[in-house]
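Novice: the following comprises the amino acid sequence and a computationally predicted model.
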Amino acid sequence: MNTPSSVKVLLVEDSPTDALIIGEALIDISEFEHTLTRAESLGDALALACGAHFDVVLLDLGLPDGNGIDTFRRFRHIAPDTPVLVLTGLADISVGLVAIQEGAQDYVLKREIQAALLSRAIRYAIERNRALTALAASEERFQLAVSGASAGLWDWNLRTGEMYLSPHFREIVGHDEDELPNEMRAHYDLVHPDDLERVMLAINAHIQDKHPYDVEYRVRTRAGEYRWIQSRAQALWDASGKAYRMVGWILDVTDRRRADEALRESGEELQRLSANIQHIREEEKTRIARELHDDLGQLLTAMKIDMGRFERTIEGKIDESAGDALRSIYGLIDQLVASVRRIAADLRPVMLDDLGPIPAIDWFIHEFSARHGIAVNAQLDINEVAFNRDSGTEVFRMVQEALTNIARHSGASEAEVEIAREEPFCIVKIRDNGRGALPDARRSRKSFGLLGMRERAARLGGELNVATAPGEGFSLTVTLPLTVVEAPDIDDAGVGAVRH
């Protein structure tokens, strides 16, 4: 025990004889020093308690200005935190027991007072009062924390089936005590039918296998509406491993769930908007590419034919310098035709729509290698994945963007592109032997155009992962569900289109 080395004792006793006996018993105590203050009446004791601190009070209930148990009550009201030992006669034992029930630490029979008994009683009174004070402070902190968190408490006796539900618990679920009995079955009746099995499985998993219990579910209020609550709990197990008690709390998380749902819907709306913008851009690129390839290309071809006719008409009628100028015009027309074809192909290769993404990717890889001098090993199988129009476009654009980034940033001399079917996914891998990047750069969602590729992968229900390190190059892996990649196209009229 951690009893103070010097104990301040207030003795409230009107009998000089009894006071002398108690004082001598205190002197004989060797476990601690003491300072004794005596009050001969309750009034004096109350005055002393208001102006000084005492470690323990020895209180006689038979004071001239007191009245049995009321004496203790009046003193307790003035000094609620001071431990009290009640002094009684043999005939007053029942009053001493009542005093203990109302907060006294113990009672001592005057006729049995001796040093050993008094020492033990004082030490236990001080320690018990200290423990009770600490417990009360802990409970107060807990209640403040629970109140601040707006939590409702529940305490389930697994042996008897009885439950304690705090007032705030009932406030959260919207039912009074007469509407919600103190038993788990009554609470189960309020749980949404779609959530009930999940809640019961979570409780059983915690009780039987000690899995953490943390679950969100809906409960029906008195008004008939459902509100979302979060419930957490901890069970207690006996020496045999059998749970005998489960204590937990609930929080009303309806507003958070609604905010999460609104945020999710907003994100989905933004994703649909982004997808629609990309679709419009692809359609516009297709239109411009077709016009460049067909209209402007045909005009340039017609111009070249007309120039040929003009050359034959004036053949032999112009000097050598005019002939050189004419041949220069031919060369410019050829360059312009090549530029138109390149621009049209950069906007959207015609073969992407005519032959599908794999031939278009194969063509782009050859063009890329020729343009940038980077050797690309392509592992493509036209028969492995039956891309639909949208997924084929997205995969082509991701490969195009990844290789373009390699040419711009990596310093690589070699790259590899692989498109494979690995049920139930389509896997697209692009690797290079370039300089790589630091982990922070790898995690950046905006670095090297990764954001656009992530959005494309997300639109197909997939994800993009990056692996890199300084000197080890970049490796991009796109994982796409085949159920989306190979889903039949729906044309503007709502009719399934042909898959490439």
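Specialist: Received it, and whenever you're ready, just let me know what you need.
Novice: hmm, residue 106 is touching residue 100, no?
Specialist: Yes. With contact defined as CB atoms under 8 Å, residue 106 and residue 100 form a contacting pair (6.6 Å). Where C-beta positions appear, they are placed from N, C-alpha and C, glycine not excepted.
Novice: now the common contact residues for these two.
Specialist: By CB atoms under 8 Å, 6 or more residues apart in numbering, residue 106 and residue 100 have these common neighbours: residue 86.
Novice: which residue is the nearest non-sequential neighbour of residue 186?
Specialist: residue 180 (5.5 Å; CB to CB, 6 or more residues apart in numbering).
Novice: for the one you found, what are its contacts?
Specialist: In this structure, residue 180 makes contact with 165, 170, 173, 186-187, 190, judged by CB under 8 Å, 6+ apart.
Novice: so if I had to pick from residue 106 and residue 100, which one is more boxed in?
Specialist: residue 106 (17 against 14; other CB atoms under 10 Å).
Novice: how close does that one get to residue 122?
Specialist: 9 Å (CB to CB, to the nearest Å).
Novice: joint contacts of these two?
Specialist: Common neighbours of residue 106 and residue 122, counting by CB under 8 Å, 6+ apart, are residue 85.
Novice: pretty sure residue 85 sits against residue 110.
Specialist: No. Using CB under 8 Å, residue 85 is not in contact with residue 110; the gap is 11.4 Å.
Novice: which one's more surrounded, those two?
Specialist: residue 85 (23 against 18).
Novice: ok, the strand or helix carrying that one: who's next to it in the sheet?
Specialist: Using DSSP states H and E, residue 85 sits within strand 84-88. Note on strand 84-88: by DSSP bridges, its sheet partners are strand 56-60 (parallel), strand 106-109 (parallel).
Novice: tell me the most buried of those?
Specialist: Highest mean neighbour count of those: strand 56-60, a mean of 26 (counted as mean count of other CB atoms under 10 Å).
Novice: could you pull out the strands for the stretch 401-500 of the chain?
Specialist: Taking DSSP state E, counting those that start in this stretch, the strands of the stretch 401-500 of the chain run over residues 414-422, 425-432, 463-468, 474-481, 489-490, 496-497.
Novice: okay if I get these as CSV plus mean neighbour count?
Specialist: CSV is the format used below for the strands of the stretch 401-500 of the chain (neighbours: other CB atoms under 10 Å):
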stretch, mean neighbour count
strand 414-422, 17
strand 425-432, 21
strand 463-468, 16
strand 474-481, 21
strand 489-490, 14
strand 496-497, 12
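Novice: thinking again about what came up before, sec struct for the residue nearest to residue 186, please.
Specialist: coil (DSSP: H, G, I helix; E, B strand; the rest coil).
Novice: tell me the spacing between it and residue 172.
Specialist: 11 Å.
Novice: ok, back up a step: what's the closest of the strands paired with strand 84-88 to residue 81?
Specialist: Set against residue 81 and scored by CB to CB, the strands paired with strand 84-88 come closest in strand 56-60, at 11.1 Å.
Novice: list the helices and strands the helix or strand following the closest one packs on?
Specialist: Counting by DSSP H and E, the element after strand 56-60 in chain order, helix or strand, is helix 69-78. If you count contacts as 3 or more CB pairs under 8 Å, 6 or more residues apart in numbering; DSSP states H and E, helix 69-78 packs onto helix 42-51, strand 56-60, strand 84-88, helix 93-101.
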